[in-house]
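Enquirer: Quick check, what structure comes out for this input:
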Amino acid sequence: MDYRAVAGTREPASPEGQAFWILSSAGTDTQDIVWQPGAGRWTIVVMNADASRGVVAEIDVGVELRHLWLIVAFVSGLGILLLTAGVATIVMVAHRAGDAAGTHPESAPVATPPPLPVAFVRPDDPVTVSARLDAPLSRWLWLVKWILVIPHLVVLTLLWIAALLLTVIAGVAILFTGRYPRRIFDFNVGVLRWTWRVAFYATGVLGTDRYPPFTLHPDDTYPATLDVLYPPRLSRGLVLVKWWLLALPHYVIVGIIGSGWWWGTLRFQRQWDGRFALWGGGLLGVLVLVAGVRLLFTGRYPRDMFALITGLNRWVYRVAAYALLMTDVYPPFRLDQGGELHRDVRGL
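Expert: Residues are numbered from 1 along each chain as shown. Okay, here's the model as predicted:
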């Protein structure tokens with residue numbers, strides 16, 4: 001096949017003079033174009049007036065939605081209406097329950113609350129997470145507890161960085177000696193214990209108004225306690241796989257129980273990558289919020305809900321201890337509801 005270049009007899013016309021442009025603007029300074037598109041497929045073209053190479057432009061595109069304020073007003077009004085109806089329902093139910101039980105402060109003495117459910121665990125469970133619901137609790141303090149614990153959150157961020165680094169060192173020690181260095185173990189238990197106190201006070205339970213102490217050491221007077229039995233020996237082989245492969249099913253469940261972050265990447269014209277993150281509250285967040293609303297309007301923390309919330313937290317901390325290589329006992333797929341723990345020797 002033979003190719004030949006043949007010179008034309010006419011010069012191509014200027015692109016800006018063509019008739020197929022719907023709307024155009026040209027110049028070296030800032031250009032503004034306002035266009036109301038119709039039905040169909042449209043293409044925006046940015047080019048040099050003579051169609052030469054080397055286009056340099058900074059483009060901003062905006063869209064005007066004339067009726068957007070109507071949609072926002074409708075959704076906002078519907079949300080306010082539903083919120084008002086929900087609050088009114090809670091208040092009405094609480095008021096009727098008080099009338100039926102005769103528990104108004106001016107008409108009858110406050111009845112002694114029933115005992116909290118007790119969770120039974122097997123003797124071989126190395127992680128003990130206990131809680132005691134304080135009473136009475138402030139109706140409104142839980143609204144600002146997340147602000148009050150900011151000093152704790154700052155300290156815990158540093159403690160968890162140290163705990164993760166020390167866990168790597170402990171993993172190497174277990175791999176060669178089969179033992180978890182005792183000082184590192186006690187430190188990591190203290191970090192878990194501190195985290196559980198803060199969660200019990202502010203974010204994970206709302207079970208007490210007593211401010212958490214700034215200490216890694218146990219405090220039996222505080223209503224939330226955590227302890228992990230020190231293992232005399234640990235498997236050298238499991239240390240390589242248990243924290244990621246074996247614990248993977250539990251990570252999925254804990255992600256549903258607690259909360260999760262979803263990361264993504266947004267691409268625009270293959271030239272710009274923008275990363276975004278979305279947060280989704282898990283089952284614990286929803287239950288704690290419901291318990292807080294009940295506390296706000298009734299002055300009482302639902303005791304059955306407290307047992308469930310404590311059981312969910314117990315599952316999370318068992319998985320955390322396993323992931324920190326502190327035990328070879330696989331976390332049970334079991335929800336031990338209740339505050340105080342008692343050893344269960346039935347069936348052994």
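
Enquirer: wouldn't Ile256 be in contact with Val286 here?
Expert: No - look at Ile256 against Val286 with C-beta atoms under 8 Å: they stay out of range, at 11.1 Å. Every residue, glycine included, has its C-beta placed from N, CA and C.

Enquirer: Was I right to think Leu296 contacts Arg139?
Expert: Yes - at 5.2 Å, Leu296 counts as touching Arg139 under the criterion of C-beta under 8 Å.

Enquirer: which residues do these two both contact?
Expert: Contact criterion C-beta atoms under 8 Å, 6 or more residues apart in numbering; residues shared by Leu296 and Arg139: none found.

Enquirer: For the residue nearest to Ala170 when sequence neighbours are not counted, give me its contacts.
Expert: In this structure, Ala170 finds its nearest non-sequential neighbour in Ile184, 4.8 Å apart by C-beta to C-beta, 6 or more residues apart in numbering. Ile184 makes contact with 166-167, 169-170, 173, according to C-beta under 8 Å, 6+ apart.

Enquirer: of these, buried ones?
Expert: Buried subset of the contacts of Ile184 (neighbour count, 16 or more other C-beta atoms under 10 Å): 166-167, 170, 173.

Enquirer: how about the closest residue to Gln31 other than its chain neighbours, what does it touch?
Expert: Spatial nearest neighbour of Gln31, chain neighbours left out: Ser25 (4.4 Å); criterion: C-beta to C-beta, 6+ apart. Residues near Ser25 by C-beta under 8 Å, 6+ apart: 31-33.

Enquirer: same check, this time on Pro231
Expert: Pro231 touches 126, 180, 326-328, counting by C-beta under 8 Å, 6+ apart.

Enquirer: same thing with Ala173?
Expert: Counting by C-beta under 8 Å, 6+ apart, Ala173 touches 179-181, 184.

Enquirer: Now do the helices in the stretch 51-200 of the chain.
Expert: Using DSSP state H, counting those that start in this stretch, the helices found in the stretch 51-200 of the chain span residues 68-101, 145-148, 150-177, 182-198.

Enquirer: ok so, going back, output the contacts of Ile184 in a markdown table; the columns should cover pLDDT and distance to Gly40.
Expert: Listed next are the contacts of Ile184 as a markdown table, based on pLDDT from 0 to 100; distance: C-beta to C-beta, whole Å:
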| residue | pLDDT | distance to Gly40 |
| --- | --- | --- |
| Leu166 | 97 | 63 |
| Thr167 | 97 | 60 |
| Ile169 | 97 | 65 |
| Ala170 | 97 | 65 |
| Ala173 | 97 | 69 |
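
Enquirer: Please tabulate these in JSON lines, including the columns distance to Arg303.
Expert: Formatted as JSON lines, the contacts of Ile184 follow (distance: C-beta to C-beta, whole Å):
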{"residue": "Leu166", "distance to Arg303": "38"}
{"residue": "Thr167", "distance to Arg303": "36"}
{"residue": "Ile169", "distance to Arg303": "43"}
{"residue": "Ala170", "distance to Arg303": "39"}
{"residue": "Ala173", "distance to Arg303": "44"}
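
Enquirer: quick check, nearest of these to Phe74?
Expert: Looking at those and their distance to Phe74, the nearest is Thr167, at 51.5 Å (C-beta to C-beta).

Enquirer: Pretty sure that closest one sits against Asn188.
Expert: Yes - here Thr167 reaches Asn188: they are 6.7 Å apart, a contact under C-beta under 8 Å.

Enquirer: joint contacts of these two?
Expert: In contact with both Thr167 and Asn188: Leu324, using C-beta under 8 Å, 6+ apart.

Enquirer: Ranking helices and strands of the chain by mean pLDDT, which lands last?
Expert: Across the helices and strands of the chain, mean pLDDT, DSSP states H and E gives its lowest value to strand 259-268, namely a mean of 43.

Enquirer: Around Ser42, how many other residues sit close by?
Expert: Heads up, residue 42 is Trp, not Ser. For Trp42, the neighbour count with other C-beta atoms under 10 Å is 9.

Enquirer: Oops, could you answer that again for Asp209 instead?
Expert: Neighbours of Asp209 using other C-beta under 10 Å come to 15.

Enquirer: Just the pLDDT for it.
Expert: Here, the pLDDT recorded for Asp209 equals 97.

Enquirer: Would you check that it makes contact with Leu141?
Expert: Yes - in this structure, Asp209 is within contact of Leu141 by C-beta under 8 Å, at 5.7 Å.

Enquirer: residue boundaries of the strands in this protein?
Expert: Residue ranges of the strands in the chain, as given by DSSP state E, are 119-121, 127-131, 224-228, 259-268, 272-281, 341-343.
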